[in-house]
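Asker: Below: sequence and its predicted model.
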Protein chains: 2
Amino acid sequence: MISLKEAKAIADKELIRFSFIREPVSLYKPIGYILSLGGKRLRPSLTLMTASLFGEDLHHAVQAACAIEVFHNFTLLHDDIMDQAPMRRGHPTVHVKWNTNTAILSGDAMLIEAFHILHGTRQEILPAVTEIFTQTALEVCEGQQYDMDFEKRGVVSEKEYLRMIELKTAVLIAASMKIGALCGGSDAQQANLLYEVGRNIGLAFQLQDDLLDTYGNPEVFGKAIGGDIVANKKTYLFVMASERSAEKDQKELLRLFSTTDLQPEIKINKVKALFDTCQVEKITLDKIEYYLQQAKICFDELQTTTENKSQFNNLLDNLLGRKA
Amino acid sequence: MISLKEAKAIADKELIRFSFIREPVSLYKPIGYILSLGGKRLRPSLTLMTASLFGEDLHHAVQAACAIEVFHNFTLLHDDIMDQAPMRRGHPTVHVKWNTNTAILSGDAMLIEAFHILHGTRQEILPAVTEIFTQTALEVCEGQQYDMDFEKRGVVSEKEYLRMIELKTAVLIAASMKIGALCGGSDAQQANLLYEVGRNIGLAFQLQDDLLDTYGNPEVFGKAIGGDIVANKKTYLFVMASERSAEKDQKELLRLFSTTDLQPEIKINKVKALFDTCQVEKITLDKIEYYLQQAKICFDELQTTTENKSQFNNLLDNLLGRKA
């Protein structure tokens, strides 16, 4: 299996191709802009790494990997409008740098472009690849809708929250790995196993994001701690705390999460105290560990070398050890 | 060839299938809503009619026809946000009835759904169908972007305007017919001829829309006359008038098209007087007639019966005789 670093280098190089400017410039420039902001390139890298488990020729996987990353960046572009986010990866978001109409339309063009790139996948596997891609793309929209719906509600159950992040985040990582497997030439069973691996990784990642936003080391995390609390974002921590708190604490939590008037530092400390009362940090860490183990168990069932298995285990420990 | 009425009935019946409600309701209900608002179903009808020129089994063409109509309605949904349009076909637009975020996300899901439906086209022709569909979808975005860019500019040349409406409107009608031909089993040459037929029809339709908005019979047109003038919309009439007016009149036209303070009736009369000075109505009618004839000439080159040819000529005369 190729390394994450090798995979990212291939993805980065290929994605430059989609940053060239066509006419009308006002439509295509924002696409090049958001793609050039970089990021971890986790999804296309997983596609390429997974493909390399089954074959050495990554030519076809590269197309699919790019389609997935372009799709992912399309979701970021439109989500940023919906969330009214001013910044993305340290730069102004597209709807701020240009305007909302441009962000809507450039996003639309990116989504079409993602399908365009995907259709370049080789003929024999195209039906299977387009099916999983299209299904996943719809699910990601469903996840974003649930996320927006939940923001307007008081209480969200753990089950509902996990289903939401599964749709919004995990299925695309799952599809990245399944599509990589199909491009590499795997059979359906191995491809489905890798879907399960990716789904568990995705869930673990999202929970880790939730955790680090409140309990991360600011120097390692790279942004201010407590942003989710200040923004009243319903994360796994909030969901578990509101499920497990005594009635009085639950009421206080809901009150804190319905105001924007409090001083950030005071609000963060009050919420963290409520979180601590019901051991939310420990619960979340355990849940992350659970999904991490599930991912490893599924990967272990693959028909691949022990070397690949240990390389993958190390990769997961590395990716999920960000807090250390 | 089946009639327009027969084709519309098939399209209407099939499209009901996409109006069912899935979870999350907040994502899928607006999709069913906009699809249920009806409309002429011109694009899917043309797909079905064209397919029927080549074969009697419309099974495969029906899928593609639905994909095209779902895509078309996606563009309406997002365009309505961008244009801040309050009404669509006599009903509140999605961003008004729900909100902008819902309209963005439901539109995204519709675009994905359009590809999903399209991928059901039969295997042998899928690469050709997806290629023309994807290319066209991107072009429609380009057309919408040019339209928005032009609104911010003073003068737009005839050539630029025609290219804009070609992208925004004509290529999708062209693709509807080409895809219909491919689904019906035509060869590439016949399919390309039908693309040209559709492109010319699309241009004629858009120019007719421009014309009727100012010079139509209010009773037949179905909405108030002069809406484009009141909204400072740069139509073919404006473009031709500003190209052909003396410097003084051109300045006055630009002044009128940069204000929203004037009383509608006064503004419409002033602009119409300037249009009349350079015979804009006649110029536009001639241009529509030119594209209509081009469409007929291309259709006449098809290897099909004289009966089909005369049926199609009558259809075009009917569709473009709306003003009478």
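Answerer: Cool, got the structure. Note that the coordinates shown come from a computational prediction; the quantities given were computed from them, not determined experimentally.
Asker: only C-alpha atoms for contact and neighbour calcs from this point on.
Answerer: Will do.
Asker: Next, the buried residues of the helix or strand harbouring A:Ile283.
Answerer: Here A:Ile283 sits within helix A:280-300, counting by DSSP states H and E. Across helix A:280-300, burial judged by 16 or more other C-alpha atoms under 10 Å in any protein chain shown covers A:280-281, A:284, A:287-288, A:291-296, A:298-300.
Asker: Now the element after it, going C-ward?
Answerer: helix A:306-319.
Asker: helices and strands around that following helix, which ones?
Answerer: helix A:280-300 (3 or more C-alpha pairs under 8 Å, 6 or more residues apart in numbering or on different chains; DSSP states H and E).
Asker: Spell out the secondary structure type for the closest residue to A:Ile2 other than its chain neighbours.
Answerer: With sequence-adjacent residues excluded and distances taken as C-alpha to C-alpha, 6 or more residues apart in numbering or on different chains, A:Ile2 is closest to A:Met49, at 5.6 Å. When classified by DSSP: H, G, I helix; E, B strand; the rest coil, A:Met49 comes out as helix.
Asker: Just the pLDDT for A:Met49.
Answerer: With respect to pLDDT, A:Met49 scores 98.
Asker: pLDDT averaged over stretch A:255-271, what's the number?
Answerer: Stretch A:255-271 shows a mean pLDDT of 94.
Asker: If we go by neighbour counts, what in it is buried?
Answerer: For stretch A:255-271, by 16+ other C-alpha under 10 Å, it's A:Leu256, A:Phe257, A:Lys267, A:Ile268, A:Val271.
Asker: For these, give me JSON lines that also has distance to chain B.
Answerer: Formatted as JSON lines, the buried residues of stretch A:255-271 follow (distance: C-alpha to the nearest C-alpha, whole Å):
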{"residue": "A:Leu256", "distance to chain B": "25"}
{"residue": "A:Phe257", "distance to chain B": "22"}
{"residue": "A:Lys267", "distance to chain B": "28"}
{"residue": "A:Ile268", "distance to chain B": "28"}
{"residue": "A:Val271", "distance to chain B": "29"}
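Asker: can you list those residues in a markdown table and add secondary structure?
Answerer: Converted to a markdown table, the buried residues of stretch A:255-271 look like this (three-state DSSP):
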| residue | secondary structure |
| --- | --- |
| A:Leu256 | helix |
| A:Phe257 | coil |
| A:Lys267 | helix |
| A:Ile268 | helix |
| A:Val271 | helix |
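Asker: Strands of the stretch 1-150 of chain A, residue ranges please.
Answerer: In the stretch 1-150 of chain A, the segments counted as strands under DSSP state E, counting those that start in this stretch are A:87-88, A:91-92.
Asker: Which residues does the first one contact?
Answerer: It refers to strand A:87-88. Applying C-alpha atoms under 8 Å, 6 or more residues apart in numbering or on different chains, the contact partners of strand A:87-88 are A:Thr93.
Asker: quick one: strands adjacent to that strand?
Answerer: The strands beside strand A:87-88 in its sheet (DSSP bridges) come out as strand A:91-92 (antiparallel).
Asker: that older thread, with B:Leu118 as the reference, name the closest of the strands of the stretch 1-150 of chain A.
Answerer: Taking C-alpha to C-alpha, strand A:87-88 is the member of those nearest to B:Leu118, at 33.5 Å.
Asker: Show me which residues of the stretch 1-150 of chain A sit near chain B.
Answerer: Counting by C-alpha under 8 Å from any C-alpha of the partner chain, the stretch 1-150 of chain A comes close to chain B at A:23-24, A:26-27, A:78, A:82, A:101-102, A:104-105, A:108-109, A:112-113, A:115-116, A:119, A:127, A:130-131, A:134-135, A:137-138, A:141-142, A:145-146.
Asker: Pull out the buried members of the residues you listed.
Answerer: Buried subset of the residues of the stretch 1-150 of chain A next to chain B (neighbour count, 16+ other C-alpha under 10 Å): A:26-27, A:78, A:82, A:101-102, A:104-105, A:108-109, A:112-113, A:115-116, A:119, A:127, A:130, A:134-135, A:137-138, A:141-142, A:145-146.
Asker: Please flag which of the residues you listed sit within helices.
Answerer: If you go by DSSP state H, those have A:26-27, A:78, A:82, A:101-102, A:104-105, A:108-109, A:112-113, A:115-116, A:127, A:130, A:134-135, A:137-138, A:141-142, A:145-146 in helices.
Asker: wait, what's in contact with the residue in the stretch 101-250 of chain A that chain B sits nearest to?
Answerer: The nearest approach of the stretch 101-250 of chain A to chain B comes at A:Asn101, 5.4 Å away (C-alpha to the nearest C-alpha). Residues near A:Asn101 by C-alpha under 8 Å, 6+ apart: A:His95, B:Met82.
Asker: my guess is A:Thr50 meets A:Met177, correct?
Answerer: Yes - between A:Thr50 and A:Met177 there is a contact under C-alpha atoms under 8 Å: 5.8 Å.
Asker: neighbour count winner among the two?
Answerer: Higher neighbour count among A:Thr50 and A:Met177: A:Met177, with 31 against 28, using other C-alpha atoms under 10 Å in any protein chain shown.
Asker: separation between the closest residue in space to A:Ala109 that isn't next to it in sequence and A:Ser106?
Answerer: Leaving aside its chain neighbours, A:Ala109 sits nearest to B:Leu138 (5.9 Å; criterion: C-alpha to C-alpha, 6+ apart). Separation of B:Leu138 from A:Ser106 (C-alpha to C-alpha, to the nearest Å) stands at 10 Å.
Asker: A:Lys40 now?
Answerer: Taking C-alpha to C-alpha, one finds A:Lys40 at 22 Å from A:Ser106.
Asker: sorry, back to before: my read: the residue nearest to A:Ile2 touches A:Gly180, true?
Answerer: Yes - assessed by C-alpha under 8 Å, A:Met49 is found in contact with A:Gly180 at 7.5 Å.
Asker: neighbour-wise, which of the two wins?
Answerer: Counted by other C-alpha under 10 Å, A:Met49 and A:Gly180 do not tie: A:Gly180 has more neighbours, with 34 against 27.
Asker: so where's the stretch 101-250 of chain A shaky on pLDDT?
Answerer: Along the stretch 101-250 of chain A, the model assigns pLDDT under 70 to residues A:221-222.
Asker: If we use 50, what do you get?
Answerer: The stretch 101-250 of chain A contains no residues with pLDDT under 50.
Asker: Show me what the helix holding A:Ile283 packs onto, helices and strands only.
Answerer: Identification of packing neighbours for helix A:280-300 by 3+ C-alpha pairs under 8 Å, 6+ apart yields helix A:188-215, helix A:236-244, helix A:306-319.
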